[in-house]
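# when you get a sec, could you give me coordinates for this:
(2 chains)
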Amino acid sequence: MARIEPAQRHAELDAPSQEERASSVTVTADLRKDASAAWHLLRIQPGLVLACLILALAVLWALVPGIFTVYDPIQGLPGQHLGPPTAAHLLGTDSLGRDLYARIVYGAVHSLSGALAAVGIALVAGTTLGLLAGSFGGRIETVIMRLVDVMLSIPDLLLSLSIIVLLGFGTVNAAIAVGCTLIAKFARLVRSEVVTVRRSEYVEAAFGSGGTFLKVLWRHILPNSLASVIAFAALQAGWAILQLATLGFLGYGAPPPTPEWGLLIAEGRNYIATAWWLTAAPGLVVVLVVISINRISRALGSIGK
Amino acid sequence: MTAPIIGTIAEKGAPILDVAGLRVAYRDRSGLRTVVHDIDFEVRAGEVVALVGESGSGKSSTAQALIGLLPEGGLLQQGTVRLNGENIAGWPQRRLDGIRGSVISLVPQDPGNSLNPVRTIGEQVAEILTVHGRASGAAARAKAVELLKRVGLSQPELRAKQYPHELSGGMRQRVLIAIAIALKPSLIIADEPTSALDVTVQRHILDLIDDLRREYGTAVLLVTHDLGIAADRSDRLIVLQHGRIQEQGRTADILRNPQSSYTRRLLADAPSLNARPKRSPPRASVSAAPADDIIVVDRLVQDFGTGSDGSFRAVDDVSFRVRRGSTHAIVGESGSGKTTTIRIVSAFQRPTSGQVVIDGLDLSSLRGETLRLLRKKIQLVYQNPYGSLDPRQTIERIVEEPLLNFERLPRRERLAKVAATLEKVRLPTDLLQRRPHALSGGQRQRVAIARALVLDPQILVLDEAVSALDVTVQAQILDLLDELQRELGLTYLFVSHDLAVVRQIADTVSVLNGGRLVETGGVEDVFSNPKSSYTRELIDAVPGKKFPRATDPTLISAG
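As a prediction, the model looks like this:
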């Protein structure tokens, strides 16, 4: 926390001077300035660097799990069940003799792709709803936003469980269910952004230069509303991982023997007295990844401003 | 509680404020950025000294540094500020509190934000008396009412019980002046005290400051960007540019015989000081056929709010005509309905009743696609180029956009047209890939004009298009508009509160007051021979009358 503050103040102080400098003769291209701003942010914030590294590792686990471990996540090794962490098995083995580290590595793809899908669904559906509500206004806005209010009033877990019961169990359906719980949050944020942008003079000027409603929506309202929505999406991706793990833990996600992170925690739960690492290790991984994503989303938010 | 620590009124002649080697800097990423470079000046008792300069010249930073109120990051680096002989530079805030309001006081720029919205006017005026221990309780309240009366507020007892939002901008500025003079300070710093006010109100406020100065012998440091005001109101003038003094001396001397080239340029560009000859005579002569009227506005009425009782008539029975290729100005104070009128003319709003005909097309008959096609004919340029350009688009995209809406040109031709239009508004083409925030205010306004011109419209509606710009930039934009009109035969509908600018650019003028049309006709007729008393009042209130007729004693003594 303390690490971010000076950087933010820094950025605020910079704003006028940057503008003045830019208004003189020497101006680098905007892209380059954005990139250098991002680099500046990384250099002065070791916490952010660490977060990026953790997330990068998790992504690599998901993409090429084979290079991180030699063990099979599904097939157990005979006679090695419930082994403690050793040099051969970094995080020990579970009740069926499977290497826990291998299961965590192979599980990354389920959690990350599930979170990505959930946020993707919510981003598209929520942005569409929010954009419609914010730009049309009137009765359309009232109907959409009251629906959003109803969705927000239902507890997330109850909502996602109900959707899973309707769709059936499975990784994909869990992702869809989590995505649906997020739609309302996105819709509300996008609408408020759109309402602000819509009132701005450049939007009126765009209509004034002959723009049709759809063109103005696409060229001005959408891009100017999206900056904070992207940061919000990153934040929600972390939340979606948690939510997917919760569903997996409760047995509504991927069926065993899939090495899904929530399921790993649930499987280790029975042995917590004798083999606590079976629960602690996947739990810690989930926590670290989610914290990293939150940190990165905050950095995205401050660049957006 | 009798005499303040530092003598209130020094004898005439001795400097009340003596500033030497003042340097002010702001801290930013690259270290310290100096904005005021070692300036020296003094203010004597009973004298008005004007600090003039364009935005970024360091005039406000200077004023704020004197009173120890620099914004965060600001730093009085070195120099002395002698107030009645004592150096107050570097005094801690607590010690400055003792003299702020009593020996030196500030009339801030924006009366809207400088009063506490949740306390009554009376309490806020009384506060200055109680804080400095000059009066308390009922005595302070009575004194507050007296002060409100002194600054010319009607019904002072009532005003004292009101809250800031119940008062107009001019009344609020009077309240701030009442607070500033409450303890009869030796020096008042007035930081752009009238920039946010209409001309007639501006004149009353400046008159008031003048009267009080004469009565109390208070010195005034007037910070302003308006040379007309400085010329009318000051005894001495300090011209700042980039934080350095370009010139200082007696106002009359500088105006008659400016030494630095920068001052000369400022004087030449200030519309209020120059009865610049109207450019070429109107092309179409007076006897033009009515068919040649490109804009016909007939009995326009616009109501806001619900019909029953809360309805407010913003525009009330306004009619005027504009000849093709000429410039028609709409002038009036804030709330006169001028912005509403042009929004109706540019088809952003439908009037309650009345008719607008643009080039033979009745606006009320246009819907959807036909309305969109009208945009090719008439384009609006906004007052604030910071808000009217999409911050995420490049200049090229901004100017290209209207073309995408109408003409299916191949990309190469389209970009050629964009480049040609930028050239028309005298913008270098290497700006094409930049975004608006990398441009200065004047450049941005040129981009806004380019965007309006790229469709080859016949009418340009300019909503206070030069009001937000410095005089030099303003003069450049006005010249540009003039050139474009001659080249392309454009018709301008020019909205402004600045009569000096209007006189320079317009052929005909309509004067609005409270939504009603007060007067309309040729600019020279209306200005030299106003028929309504309101127009006369407006014209009289324009600053800059004292010069170049400073030799005429009747004008000076009128005050």
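
# where in chain B is pLDDT low?
Applying pLDDT under 70 to chain B flags residues B:1-13, B:29-30, B:274-291, B:306-310, B:546-559.

# what is the helix or strand hosting residue B:34 packed up against?
Here residue B:34 sits within strand B:31-44, counting by DSSP states H and E. For strand B:31-44, the elements it packs on are strand B:15-28, helix B:59-66, strand B:74-83, strand B:219-224, strand B:244-250, judged by 3 or more CB pairs under 8 Å, 6 or more residues apart in numbering or on different chains; DSSP states H and E. Glycine gets a C-beta too; all of them are placed from N, C-alpha and C.

# of all those, which lies closest to chain A?
Chain A lies closest to strand B:15-28 among the helices and strands packed on strand B:31-44, at 4.4 Å (CB to the nearest CB).

# quick check: buried residues in the closest one?
Buried positions in strand B:15-28, judged by neighbour count with 16 or more other CB atoms under 10 Å in any protein chain shown: B:15, B:16, B:17, B:18, B:19, B:20, B:22, B:23, B:24, B:25, B:26, B:28.

# need the nearest residue in space to residue 52, chain neighbours excluded.
No chain was given, so I picked chain A. Spatial nearest neighbour of residue A:52, excluding adjacent residues (CB to CB, 6 or more residues apart in numbering or on different chains): residue A:296 at 6.6 Å.

# my bad, chain B
Spatially, and ignoring its direct neighbours in sequence, residue B:52 is nearest to residue B:230 (4.8 Å; CB to CB, 6+ apart).

# interface residues of the stretch 151-300 of chain A facing chain B?
Contact residues, the stretch 151-300 of chain A versus chain B (CB under 8 Å from any CB of the partner chain): A:200-202, A:204-212, A:215, A:219-220, A:223-224.

# of these, select the buried ones using a ChimeraX command.
Only the buried entries of those go into this ChimeraX selection, using 16+ other CB under 10 Å:
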select /A:200,201,202,204,205,206,207,208,209,210,211,219,220,224
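
# okay, and which of the residues of the stretch 151-300 of chain A next to chain B map to helices?
A:201, A:202, A:204, A:205, A:206, A:207, A:208, A:215, A:223, A:224 (DSSP state H).

# surely residue B:478 is in contact with residue B:506?
No. Look at residue B:478 against residue B:506 with CB atoms under 8 Å: they stay out of range, at 10.8 Å.

# who's more crowded, the two?
Using other CB atoms under 10 Å in any protein chain shown as the criterion, residue B:478 and residue B:506 rank with residue B:506 on top: 25 against 21.

# which residue comes closest to that one once chain neighbours are left out?
That would be residue B:329: by CB to CB, 6+ apart, it lies 3.6 Å from residue B:506.

# and for residue B:363?
residue B:356 (4.5 Å).

# list the contacts of the host helix or strand of the one you found.
Using DSSP H and E, residue B:356 maps to strand B:353-358. Residues outside strand B:353-358 that contact it (CB atoms under 8 Å, 6 or more residues apart in numbering or on different chains) are B:294-301, B:317-319, B:344-345, B:362-364, B:374, B:377-378, B:459.

# now the element after it, going C-ward?
Following strand B:353-358 in sequence, per DSSP H and E, is strand B:361-362.

# the contacts of strand B:353-358 in helices, which ones?
Counting by DSSP H, those contribute B:344, B:345, B:374 to helices.

# I'd like the next helix or strand past the helix or strand where residue B:106 lies.
Per DSSP H and E: residue B:106 is located in strand B:104-107. Proceeding N to C from strand B:104-107, the next assigned helix or strand is helix B:121-131, under DSSP H and E.

# alpha carbons of that following helix, as CSV, please.
In CSV, the C-alpha atoms belonging to helix B:121-131 read as follows (Å, rounded to 0.1, in the frame of the first residue of the first chain):
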residue,chain,number,x,y,z
ILE,B,121,-22.8,35.5,4.3
GLY,B,122,-23.1,37.4,7.5
GLU,B,123,-21.2,34.7,9.5
GLN,B,124,-18.4,34.6,6.9
VAL,B,125,-17.9,38.4,6.9
ALA,B,126,-18.1,38.5,10.8
GLU,B,127,-15.6,35.7,11.0
ILE,B,128,-12.7,37.9,9.7
LEU,B,129,-13.5,40.3,12.5
THR,B,130,-13.7,37.7,15.3
VAL,B,131,-10.6,35.8,14.1
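
# for that helix, which outside residues touch it?
With contacts defined as CB under 8 Å, 6+ apart, helix B:121-131 is touched by B:101, B:115-116, B:135-136, B:140-141, B:143-145, B:147-148, B:159-164, B:167, B:175, B:178-179, B:182-183.

# which residue ranges form the helices in the stretch 151-300 of chain A?
A:156-167, A:171-198, A:201-208, A:213-216, A:222-250, A:261-268, A:277-304 (DSSP state H, counting those that start in this stretch).

# next one: the stretch 1-150 of chain A
Using DSSP H, counting those that start in this stretch, helices in the stretch 1-150 of chain A cover A:4-23, A:30-44, A:46-63, A:100-136, A:138-153.

# so who does the spatially closest residue to residue A:160 that is not a sequence neighbour touch?
Nearest non-adjacent residue to residue A:160, counting by CB to CB, 6+ apart: residue A:177, 3.9 Å away. By CB under 8 Å, 6+ apart, the contact set of residue A:177 is A:159, A:160, A:161, A:163, A:164, A:167, A:247.

# tell me the contacts of the second one?
What it means is residue A:160. Residues near residue A:160 by CB under 8 Å, 6+ apart: A:174, A:177, A:178, A:180, A:181, A:243, A:247.
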